[in-house]
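Chemist: Pasting the sequence and the predicted model now:
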Amino acid sequence: MAGDFTAEQKRYLEGFASGFQASRALRVPTPTKDTPIGPDASHLEAQDRAVAGGGALDEQERIKREQHPFDAYARLVAQAARNEAPKPADNFRWRYHGLFYVAPTQSSYMCRLRIPNGILTHWQFAGIADLADRHGGGYLHVTTRANLQIREIEPRSAVALIEGVQSLGLWTRGAGADNIRNITGTPTAGIDPNELIDTRPLARALHFHILNDRSLSGLPRKFNIAFDGAGRIAVLEDTNDVAFQAIEIVDGHGLEPGVYFRLALGGITGHKDLARDTGVIVPPDEAVAVADAILRVFIETGDRTDRAQARLKYVLDRLGLDDFLTRVEEKLGRALLRAPADAIAPRLGFDRLAHIGVHPQRQAQKSWLGVALTLGRLTSDAARGLAEIARAFGDGDIRLTVWQNLLISGVPDARVDEALAQIEALGLSTKASPIRAGLVACTGNVGCRFAAADTKTHAAEIAAHCEEKIAMDTPINLHVTGCRHSCAQHYIGDIGLVGARVPINDEGDTVEGYHMVVGGGFGAEGAIARDLFENVAAKDAPRKVESLLRAYLAHRATADESFAAFTRRHDADALKRLIAECEE
């Protein structure tokens, strides 16, 4: 109380308060009607700079400026009450809440979640299956970002669905549009014998950092971040805008030895770029701060006038890597660490079949079980069955992978056979051929208006045909995507197919089909695939892939030459000649 202070103490407190107010006045400029304030200020300022520079904001930037999607939730609720489909502007806004209205392919919403590191509990997985039954089509899709999608959600059910997700302790906020998408990490984090670091706490820390800071929403375009802990299963971090790749620094290079992340930037394989190594290494406890600084530079420098040029890759192309990293350092207030290549210890390679089957964990007498799904699709009943197996036999976790399947972890070796029997009783399996294990397909034109082909159906047909005709003895990654957006990442596949309308006569009639690329890869074999064939009709694709695989088996240099190495050893014309021989 005031009566308890001496006169001297009162003068001190008055002086302290006056000084504090003065310092605030110096630090914070007095806002005017032309000065953006609040958490969206940096985005509004970036828009203003674009306009002042003579540009015109693109449509999505204008929509965000008219009303921020997070401020429009009441209108989403009102639309749901009327069972009303969104107009185009709101269709964009509702993606900030994880909802995508996918007409004309389906007159309904698709909902995408946020699941940091792709790991959820058995009861959350069962709860999502229940929501898919109650508000969706009764099935789930596992995506290429170790995530889940629920489809066929009527407008009347949209709000109940996303609030049901939140009630399970999961999230949809920021799962679409111009936001940082689901943070991926090594699916075997914490259980992998090969890993250098457990990525789970880092993925969750960055997830919550983003979720609780509105200033990190409303980016110039979507943004992908991944943590690779050097485990046996690839997380495809080099396809992300920001890739944190676990490495070990050895002694003798002026750096503290230990585990760091190598920083790579600008991956966007649909635009034919893998993330480029920056030469920067990041201590794990600084990863969130470094990611934050990168994001804030992107907010300031990303293109707000041309969405085709708005991804991080194009900022790096325009500014140059050195300039961009200097700006990141300014945000951080310190220099980034650099390491020469010879300071980095060699890493163990990926196992391209480790996401399928039974594999020993780092914990004694425990294994993870990789469950093969049909191109990521899973019925609600099967999801609930897997959730119960995870509860009864494992550690209770469901681990999603970028290979469109899932793992059940922590199964005691003594109970593996029993768990496998339960999985098979659901009509599922932990076995897959070398072709089917690496088969990836996007939603296709069944559920996406951009897709030119029914990718999931055609991918299944290709796999079935090739399994019957050829006995492959090495894993083959076949990526089938419906359009140039490359959700199935066709450019990093051994074989990539991208949907196209294929002409069949001079009258302009077309059928579903694909352009074919070969020789892509990730990790140590990272490369963007090269064009091989254009306009392969969908009905001809199984035979064309079969002939390519036959050419590989017949002409590989050694029994252990990889498919990627084989295709890179031959130019397109040479490959076509070998394929023609097999077709004959």
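Modeler: Received the coordinates, thanks.
Chemist: how near is A383 to I398?
Modeler: 9 Å (Cβ to Cβ, to the nearest Å). Any C-beta I mention is one placed from the backbone N, CA and C, and that applies to glycine too.
Chemist: shared neighbours of the two, anything?
Modeler: Shared contacts of A383 and I398, defined by Cβ atoms under 8 Å, 6 or more residues apart in numbering, comprise F125.
Chemist: Tell me which of those two has more neighbours.
Modeler: Ranked by neighbour count (other Cβ atoms under 10 Å), A383 and I398 place I398 first, with 29 against 25.
Chemist: Once you drop chain neighbours, what's closest to that one?
Modeler: Spatially, and ignoring its direct neighbours in sequence, I398 is nearest to F125 (4.5 Å; Cβ to Cβ, 6 or more residues apart in numbering).
Chemist: got it, and R156?
Modeler: N83 (4.0 Å).
Chemist: hang on, M516 packs against D494?
Modeler: No. Using Cβ atoms under 8 Å, M516 is not in contact with D494, being 11.3 Å away.
Chemist: Mind checking which of the two has more residues around it?
Modeler: D494 (27 against 22).
Chemist: Please report how far the residue nearest in space to the middle of the chain lies from L578.
Modeler: In the chain, the C-alpha closest to the average C-alpha coordinate belongs to R145, at a distance of 3.3 Å (Cα atoms, centre = their mean). R145 sits 35 Å away from L578, going by Cβ to Cβ.
Chemist: same deal with R112?
Modeler: 41 Å.
Chemist: higher neighbour count, these two?
Modeler: R112 (21 against 18).
Chemist: and the closest residue to A538 other than its chain neighbours, how many neighbours?
Modeler: Leaving aside its sequence neighbours, A538 sits nearest to E512 (Cβ to Cβ, 6+ apart; 4.6 Å). Around E512 sit 22 other residues, with neighbours defined as other Cβ under 10 Å.
Chemist: My impression was that E512 belongs to a strand - is that right?
Modeler: Yes. Assessed with DSSP: H, G, I helix; E, B strand; the rest coil, E512 lies in a strand.
Chemist: which ones are touching it?
Modeler: Taking Cβ under 8 Å, 6+ apart as the test, what E512 contacts is N445, A452, A453, D454, H458, G499, R501, V502, A537, A538.
Chemist: Can you flag the buried ones in the residues you listed?
Modeler: By neighbour count, with 16 or more other Cβ atoms under 10 Å, the contacts of E512 hold N445, A452, A453, D454, H458, G499, V502, A537, A538 as buried.
Chemist: So the first one is in contact with G482, correct?
Modeler: Yes. In this structure, N445 is within contact of G482 by Cβ under 8 Å, at 6.1 Å.
Chemist: so what sits against both of the two?
Modeler: A451, A452, A453, T455, G499.
Chemist: Widest-spaced pair of the residues you listed?
Modeler: For the shared contacts of N445 and G482, the farthest-apart pair by Cβ to Cβ is A452 and T455; their separation is 9.2 Å.
Chemist: Now the common contact residues for the two.
Modeler: Shared contacts of A452 and T455, counting by Cβ under 8 Å, 6+ apart, come down to N445, G482, G499.
Chemist: okay, now H555: neighbour count?
Modeler: 16.
Chemist: The residue nearest to R156 reaches I153, doesn't it?
Modeler: No. With contact defined as Cβ under 8 Å, N83 does not count as touching I153 (11.5 Å).
Chemist: So for these two, which sits in the more crowded spot?
Modeler: I153 (25 against 11).
Chemist: re earlier: now, which of the shared contacts of A452 and T455 sits nearest I470?
Modeler: For those, the nearest to I470 is G499 (24.1 Å; Cβ to Cβ).
Chemist: Confirm that closest one sits in a strand?
Modeler: Yes. Assignment of G499 by three-state DSSP places it within a strand.
Chemist: follow-up on the earlier one: now flag whichever of the shared contacts of A452 and T455 is closest to L407.
Modeler: Closest to L407, out of all of the shared contacts of A452 and T455 and judged by Cβ to Cβ, is G482, at 26.8 Å.
Chemist: Helix, strand, or coil at H515?
Modeler: H515 - assigned by three-state DSSP - is strand.
Chemist: Show me which pair in the contacts of E512 is furthest apart.
Modeler: Going by Cβ to Cβ, the pair spanning the contacts of E512 furthest: N445 and A537, at 15.1 Å.
Chemist: Would you check that H122 makes contact with G385?
Modeler: No. Counting by Cβ under 8 Å, H122 stays clear of G385, with 10.8 Å between them.
Chemist: my read: the residue nearest to I398 touches A387, true?
Modeler: Yes. Contact criterion Cβ under 8 Å: F125 and A387 qualify, at 4.5 Å.
Chemist: Between those two, which has more neighbouring residues?
Modeler: Under the neighbour definition other Cβ under 10 Å, F125 and A387 were set side by side, and F125 has more, 28 against 23.
Chemist: for the helix or strand containing the more buried one, packing partners?
Modeler: Using DSSP states H and E, F125 sits in helix 122-135. Judged by 3 or more Cβ pairs under 8 Å, 6 or more residues apart in numbering; DSSP states H and E, the packing partners of helix 122-135 are strand 139-142, strand 148-153, helix 158-167, helix 380-393, strand 397-400.
Chemist: got JSON lines for those, with mean pLDDT and distance to Q365 too?
Modeler: JSON lines is the format used below for the helices and strands packed on helix 122-135 (pLDDT from 0 to 100; distance: least, Cβ to Cβ, whole Å):
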{"stretch": "strand 139-142", "mean pLDDT": "98", "distance to Q365": "28"}
{"stretch": "strand 148-153", "mean pLDDT": "98", "distance to Q365": "31"}
{"stretch": "helix 158-167", "mean pLDDT": "98", "distance to Q365": "36"}
{"stretch": "helix 380-393", "mean pLDDT": "98", "distance to Q365": "13"}
{"stretch": "strand 397-400", "mean pLDDT": "98", "distance to Q365": "18"}
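Chemist: which one of the ones you listed is the most hemmed in?
Modeler: Of these, the one with the most neighbours on average (mean count of other Cβ atoms under 10 Å) is strand 397-400, at a mean of 26.
Chemist: Following element in sequence after that one, please.
Modeler: Moving toward the C-terminus from strand 397-400, the next element (DSSP H and E) is strand 406-412.
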